[in-house]
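In: Got a predicted structure plus its sequence, pasted below:
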Amino acid sequence: MQKEKVLYHTKVITARLNSIAGKHRIVQSVDPTKQTTKYLLTNELTWEATKIISAYSNRWVIEEFFRNAKQLTDMEGATIRSEQGVTLALYLVSWID
């Protein structure tokens, strides 16, 4: 039988934080090969660690998109409060679909 490779170790707790109202789930994710620890926070109290990590991994794709969009299209200068911002936002939405 082949031993399953562990990519990371996780611990989950539900807690109240002094600085944020309500209860939250906190995931501690440890990468044993790099010896790094990351903490993820959500207000989704029913989610398991794998779902929280998956949601955050999708977030990084979105963050990369907007970072690149700002650099390549000067999106930083356009806001939704201007006609140019509305035009750019509509263009990006129609382009993604």
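Out: Sure, I can see it.
In: Just say helix, strand or coil for Glu44.
Out: Of the three states, Glu44 takes coil according to DSSP: H, G, I helix; E, B strand; the rest coil.
In: Make sure it is actually in contact with Tyr56.
Out: No - using C-beta atoms under 8 Å as the test, Glu44 is too far from Tyr56 to be in contact (11.4 Å). Every C-beta, even on glycine, is put in place using the N, C-alpha and C of the backbone.
In: which residues of the chain fall in helices?
Out: Per DSSP state H, the chain carries helices over the ranges 49-73, 83-96.
In: for the first one, which positions count as buried?
Out: In this case it means helix 49-73. Of all the residues in helix 49-73, those buried under the rule 16 or more other C-beta atoms under 10 Å are Ala49, Ile52, Ile53.
In: Low-confidence stretches in this structure?
Out: Scanning the chain for pLDDT under 70 picks out 1, 4, 6, 73-81, 85-86, 89-97.
In: Identify, by residue count, the longest strand of it.
Out: Looking across the chain with DSSP state E, the single longest strand is strand 20-31.
In: Name every strand pairing with that one and say which way it goes.
Out: Paired neighbours of strand 20-31 in the sheet (DSSP bridges): strand 9-17 (antiparallel), strand 36-42 (antiparallel).
In: returning to what we had before: I'd like the helices of the chain written out as CSV, with distance to Val30 added.
Out: Shown next, in CSV, are the helices of the chain (distance: least, C-beta to C-beta, whole Å):
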stretch, distance to Val30
helix 49-73, 11
helix 83-96, 35
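In: Noted, bye for now.
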